[in-house]
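Engineer: Sequence and predicted model, in that order:
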Amino acid sequence: MRMLKCGMTLVAAAVALPSFGQNEPQRQRTNRVAGMWRPLSLKSTLNGVTSQPFGPHPDGLLEFNENLHYVECIVNPDVPAFAASDPQNATATEIRTAFLGSLSLFGTYTINSKGEFTGNHVDGATIPNWKGNIRDNAHLTEVVNGDTMSEVFHNGDLTVEITWQRVK
């Protein structure tokens with residue numbers, strides 16, 4: 001049993017992420033999620049209330065590499081610049097707005113024999129509570145359809161839906 005820590009919620013889940021056999025090296029498999037992706041849309045629903053925490057046109061990148069590592073960074077491009085040129089002199093409000101308008105995380109991920117995403121492990125994130133999380137398909141899905149990928153994250157009363165476009 002593994003505890004998933006997402007925000008302030010703890011979720012108990014039996015997690016069994018697949019591993020690859022010695023006779024089947026990863027580089028010889030099809031990997032449907034591998035590549036660079038940009039967000040087209042992002043919405044979050046918490047307790048029935050839907051919002052766009054990164055604005056109507058979120059920006060960022062998500063990379064799934066062939067070595068089964070990922071890096072994700074999402075920002076709200078409408079967050080205003082700090083008044084001071086040195087970020088050390090930003091106001092508490094400016095820092096809070098910048099923090100709430102950005103999210104970064106990185107770690108490893110798994111795929112099945114069809115090259116479909118099956119889960120990830122968070123090695124680090126701008127939300128410290130997420131470090132060490134393991135998310136299987138019960139909590140996180142990445143479904144590729146051509147050059148578009150649909151991501152859905154569930155955790156209790158929170159659902160986050162992101163549509164990604166493959167970068168060519």
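Structural biologist: Happy to help now that I have it. All values derive from a computational prediction rather than experimental measurement. Numbers count the residues shown, from 1 in each chain.
Engineer: Please enumerate the helices of this protein.
Structural biologist: Taking DSSP state H as the criterion, the chain contains helices spanning 92-100.
Engineer: Leaving out sequence neighbours, find the closest residue to the residue sitting nearest the centre point of it.
Structural biologist: The chain has residue 72 as the residue nearest its centroid, 5.7 Å off, counting by C-alpha atoms, centre = their mean. Leaving out its chain neighbours, the residue that sits closest to residue 72 by C-beta to C-beta, 6 or more residues apart in numbering is residue 62, at 4.5 Å. (Glycine included, C-beta is placed from N, CA and C.)
Engineer: who's in contact with that neighbour?
Structural biologist: Residue 62 makes contact with 36-39, 70-73, 164 under the criterion C-beta atoms under 8 Å, 6 or more residues apart in numbering.
Engineer: Output those residues in TSV; the columns should cover pLDDT and distance to residue 122.
Structural biologist: Converted to TSV, these look like this (pLDDT from 0 to 100; distance: C-beta to C-beta, whole Å):
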residue	pLDDT	distance to residue 122
36	98	19
37	98	18
38	98	21
39	98	18
70	98	10
71	98	11
72	98	10
73	98	14
164	98	18
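Engineer: are any of those residues buried, and which?
Structural biologist: Using 16 or more other C-beta atoms under 10 Å as the burial test, the contacts of residue 62 include 37, 39, 70-73, 164 as buried.
Engineer: which outside residues touch the biggest strand by length in the chain?
Structural biologist: Using DSSP state E, we find that the single longest strand of the chain is strand 35-46. Contacts with strand 35-46, where a contact means C-beta under 8 Å, 6+ apart, come from 50-54, 58-64, 74, 148-149, 157-167.
Engineer: Partner strands of that strand, with direction?
Structural biologist: Sheet pairing here is set by DSSP bridges, and for strand 35-46 it gives strand 49-51 (antiparallel), strand 59-64 (antiparallel), strand 158-166 (antiparallel).
Engineer: neighbouring contacts of the last one?
Structural biologist: Strand 158-166 has contacts (C-beta under 8 Å, 6+ apart) with 6-7, 9, 35-46, 58, 62, 74, 147-153.
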